[in-house]
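> this one's structure only:
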């Protein structure tokens, strides 16, 4: 190993590749890049400015940038829900996905807590009757109830998530149709309708998280109260849809708001009827 000299990197000033002594970590001939006498860290690159090598820091991944923008937009939405600052093209979809998923999960935890209480009540009642009148097949009752409850829980989870995605999509689509048909708002697009509804209902996310935690430990009353608050927030966000905006249509704003309310209610009624039909068929198919 004696007499071995650093090998300069071609075209890179003040940069050399220094050999490792011996065979550390079992790798022979492993080399380390240096720039201006300093070793490069993983992900760092070298750029040349006026003939000098400059180390450029590693750039964050697209995944990290997307979620950083989402978190910044969420904090801004908690402070100013009506603000429409653009925090990236992916924020609209992330708002919709997280809001729908946590809404469905919160509903499922409440439903599961209720189901557990009902099953426990039935099992305790069957145990009392068994002790008084004898078994009469009650030994097979508890396992059958538990098995059926497990299958319902599995089906109810997917049904709850799917229902949340469909119901929130109905609100967003109704908003888009109303803003375009009545107010003829040029700034309203189908994509930013997702972002707008997500920002208006951003306060629902921490409430939904608390609801999920309380429902997971078996509480029913208070999580149900919190879930009703979230549903009320959805309704208020939907009412924000019919607030008149300045457009080229010269009709009085009061009449614009009446027409917007009628159209919004009509569209929501149709969409909710479709959602109920889909969910009824889906749930019946899973349960039976």
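Structure received. The structure displayed is predicted, hence computed values, not measured ones.

> for residue 95, helix, strand, or coil?
Judged by DSSP: H, G, I helix; E, B strand; the rest coil, the three-state class of residue 95 is helix.

> now do the contacts for the closest residue to it other than its chain neighbours.
In space, and not counting its chain neighbours, residue 95 is closest to residue 198: 2.5 Å by Cβ to Cβ, 6 or more residues apart in numbering. For glycine as for every other residue, the C-beta is placed from the backbone atoms N, C-alpha and C. By Cβ atoms under 8 Å, 6 or more residues apart in numbering, the contact list for residue 198 reads 77, 91-92, 94-96, 98-99.

> quickly find the element holding residue 198.
When elements are assigned from DSSP states H and E, residue 198 belongs to helix 190-200.

> C-terminal to that helix, what's the next element?
That would be, after helix 190-200 and using DSSP H and E, helix 204-216.

> now the end-to-end length of stretch 81-100.
18 Å (Cα to Cα, to the nearest Å).

> kindly report the same for stretch 206-225.
Start-to-end span of stretch 206-225 (Cα to Cα) is 14 Å.

> what do you get for stretch 74-87?
Terminal-residue distance, stretch 74-87 (Cα to Cα): 9 Å.

> flag every buried residue along that stretch.
74, 77, 81, 87 (16 or more other Cβ atoms under 10 Å).

> give me every residue that touches the third one.
By Cβ under 8 Å, 6+ apart, the contact list for residue 81 reads 199-200, 202-203.

> out of those residues, which is nearest to residue 258?
Of all these, the one with the least separation from residue 258 (Cβ to Cβ) is residue 200, at 21.5 Å.

> tell me the contacts of the closest one?
Residue 200 neighbours (Cβ under 8 Å, 6+ apart): 81-82, 236-237, 240.

> give me the neighbour count for residue 156.
20 (other Cβ atoms under 10 Å).

> can you check residue 174 too?
Neighbours around residue 174, by other Cβ under 10 Å: 24.

> one more: residue 110?
23.

> any stretches of the stretch 1-150 of the chain with poor pLDDT?
1-60, 88, 119, 122-123, 126-150 (pLDDT under 70).

> repeat the analysis, applying 90 as the threshold.
Applying pLDDT under 90 to the stretch 1-150 of the chain picks out residues 1-74, 76-77, 79-92, 111-150.

> and stretch 197-208, how far apart are its ends?
16 Å.

> let me know the average pLDDT across that stretch.
For stretch 197-208, mean pLDDT rounds to 92.

> for it, list every residue counted as buried.
197-205, 207-208.

> now swap in stretch 233-240 and tell me
Taking 16+ other Cβ under 10 Å as the criterion, stretch 233-240 shows 233-234, 237-238 as buried.

> show me the residues you listed that map onto helices.
233-234, 237-238 (DSSP state H).

> nearest to residue 182, of those residues?
For these, the nearest to residue 182 is residue 238 (14.2 Å; Cβ to Cβ).
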